[in-house]
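# Here you go, sequence then predicted model.
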Amino acid sequence: MGTQDGIQSCRTVVCEAPVNIAVIKYWGKKNEDLVIPLNDSISVTLDTEHLRARTIVSLDPTSDGVQFSLNGKEETPSKRFMKVIALCKSEALRQGSIRENDTTLGLRIVSDNNFPTAAGLASSAAGISCLASALKAVYDIQGDISGIVRQGSGSACRSVYGGFVRWHTGHAGDGSDSVAQQIRPASHWPELRVLILVVNDKKKDVSSTSGMKESVDTSDLLRYRADFIANARCEAMTAAITDRNFEKFAELTMRDSNQFHAICLDTYPPIMYLDDTSKAVINLIHAYNRKSGRILAAYSFDAGPNPFLFTLSENLQSLVELLRLQFPSANSSFLRGLTDFLLKSPENVEYGDILNPVSDSVQYIIVTKAGEGPKTSVNEVPMSPFC
């Protein structure tokens, strides 16, 4: 694309990027401007078949600005959004894939999510990763872009890769080694299943960005976690993933989620992302594991009330049956995503002693699995004022 005369074609890129769910959490930065986290974190990238951000980026030779729409509505690009664009242009210039005059070409950016935005479902991670991955293709950038993505949205850097991903806080003052790396691809653990229970799809009261800053300023527990717990926990989680040890994976996931929300309560004033349904799910999963005699399921909560549950495919049917009994719903599309297990006859298991049914407190459940990183497709036409 790049030549000594600059870009010679109008390039339109379509990108789909995944949501990632942290099993060892990132909460708090040691450098706000560079978005360098207090500690390492680990996530599972989810299949884009069921949760994804999609972004279409087109070069616009008739403009030098940025036009942006999200979910069908014209939006003013945020500072973080514009920072990612600027960093991608700068990296492309450094690599020589574009010329200086190419950076003045306008951009038309159209994005949409197939899941609720700003409700604690990692929409910013998918969206920023999608934008940067599309720009990588537009500008012919080579190599890892997780360091760029990180500066738009910290957790987004983990969505650059599929499967199981670790974001390293790094040691360099300029953040150059604060990057994401894949631990294992999605194919490493095909039996792992993830259930997203949508309890509330409204925008949360306290954003992750402001909540993190308040915790850094006021929570002693956060500082203790960063200094003594989180990175060691990342090592243990890496081993559990490598060995496909579900019980260890599940225990670490639940303990880390609990500690994150303890930090939110330790923040002053306290931050309360969980609601009564969230707490009911926590109690239900522990009761289910006790009744089963071993850990068959785990929960995790990000900065919102929606539970993320983990289990293995062999236990998926019994877990879903339990959830349907606990959270009865008349919604005909209550279960979405990977629902082939419904073709089997329900298991004859008695759960009455651990149930306390609450109707319609869960809007719907998405069943999915680990998936790959962003996918892009490119269309080019000769450059003209009308392309």
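Received, thanks. Owing to the predicted nature of the structure, the values given are computational and were not obtained by experimental measurement. Residues are numbered from 1 along each chain as shown.

# Please count neighbours and contacts with C-alpha atoms only from this point.
Noted.

# Would you map the helices across this protein?
Using DSSP state H, the helices found in the chain span residues 79-95, 123-138, 146-152, 208-218, 220-224, 230-243, 246-266, 276-292, 313-326.

# Out of these, which is closest to residue 19?
Residue 19 lies closest, by Cα to Cα, to one member of the helices of the chain: helix 123-138, at 5.0 Å.

# Show me what that closest one is packed against.
Counting contacts by 3 or more Cα pairs under 8 Å, 6 or more residues apart in numbering; DSSP states H and E, helix 123-138 is packed against strand 9-18, strand 52-60, helix 79-95, strand 106-113, helix 146-152, strand 375-382.

# Quickly compare these and say which is most buried.
Comparing those by mean neighbour count (mean count of other Cα atoms under 10 Å), helix 146-152 comes out on top with a mean of 26.

# Contacts for that helix, please.
Contact with helix 146-152 is made by 33-35, 80-81, 83-84, 87-88, 128-129, 132, 156-158, 160, 175-180, as judged by Cα atoms under 8 Å, 6 or more residues apart in numbering.

# related to what we said a few turns ago, out of the helices of the chain, which is closest to residue 29?
Across these, closest to residue 29 is helix 208-218 (Cα to Cα), at 7.5 Å.

# May I have the closest one as CSV, with CA atoms only?
Extracted in CSV, the C-alpha atoms of helix 208-218 (Å, rounded to 0.1, in the frame of the first residue of the first chain):
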residue,chain,number,x,y,z
SER,A,208,-13.9,1.0,35.5
THR,A,209,-11.6,3.9,34.8
SER,A,210,-12.9,6.1,37.7
GLY,A,211,-13.3,3.0,40.0
MET,A,212,-9.7,2.0,39.5
LYS,A,213,-8.4,5.4,40.4
GLU,A,214,-10.5,5.6,43.5
SER,A,215,-9.2,2.2,44.6
VAL,A,216,-5.6,3.1,43.9
ASP,A,217,-6.1,6.3,46.0
THR,A,218,-7.9,4.7,49.0
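
# who touches the residue lying closest to residue 270 once chain neighbours are set aside in this structure?
Using Cα to Cα, 6 or more residues apart in numbering and skipping the chain neighbours, the partner closest in space to residue 270 is residue 264 (6.0 Å). Residue 264 makes contacts with 211, 215, 270-272, as judged by Cα under 8 Å, 6+ apart.

# what residues are up against the residue nearest to residue 56 when sequence neighbours are not counted?
Nearest residue to residue 56, sequence neighbours excluded (Cα to Cα, 6+ apart): residue 14, at 4.5 Å. Under the criterion of Cα under 8 Å, 6+ apart, the neighbours of residue 14 are 54-57, 134, 376-378.

# Quick check: bridge partners of residue 14?
residue 56, residue 377 (DSSP bridges).

# what does residue 300 give?
Beta-bridge partners of residue 300, counted by DSSP bridges, are residue 308.

# That one: neighbouring residues, count only.
Using other Cα atoms under 10 Å, residue 300 is surrounded by 25 other residues.

# Might you report the residue contacts of it?
23, 253-254, 257-258, 307-309.

# quick one: which of those residues is nearest residue 372?
Distances from residue 372 to the contacts of residue 300, taken by Cα to Cα, are shortest for residue 23, at 17.1 Å.

# any idea how far the closest one lies from residue 308?
Distance, residue 23 to residue 308, by Cα to Cα, to the nearest Å: 10 Å.

# between these two, who's got more neighbours?
Ranked by neighbour count (other Cα under 10 Å), residue 23 and residue 308 place residue 23 first, with 26 against 23.

# The more buried one is in contact with residue 43, isn't it?
Yes. At 5.3 Å, residue 23 and residue 43 qualify as touching, with contact defined as Cα atoms under 8 Å.

# picking up where we left off before, would you mind putting the helices and strands packed on helix 123-138 into JSON lines with distance to residue 68 alongside?
Shown next, in JSON lines, are the helices and strands packed on helix 123-138 (distance: least, Cα to Cα, whole Å):
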{"stretch": "strand 9-18", "distance to residue 68": "14"}
{"stretch": "strand 52-60", "distance to residue 68": "9"}
{"stretch": "helix 79-95", "distance to residue 68": "10"}
{"stretch": "strand 106-113", "distance to residue 68": "5"}
{"stretch": "helix 146-152", "distance to residue 68": "16"}
{"stretch": "strand 375-382", "distance to residue 68": "19"}
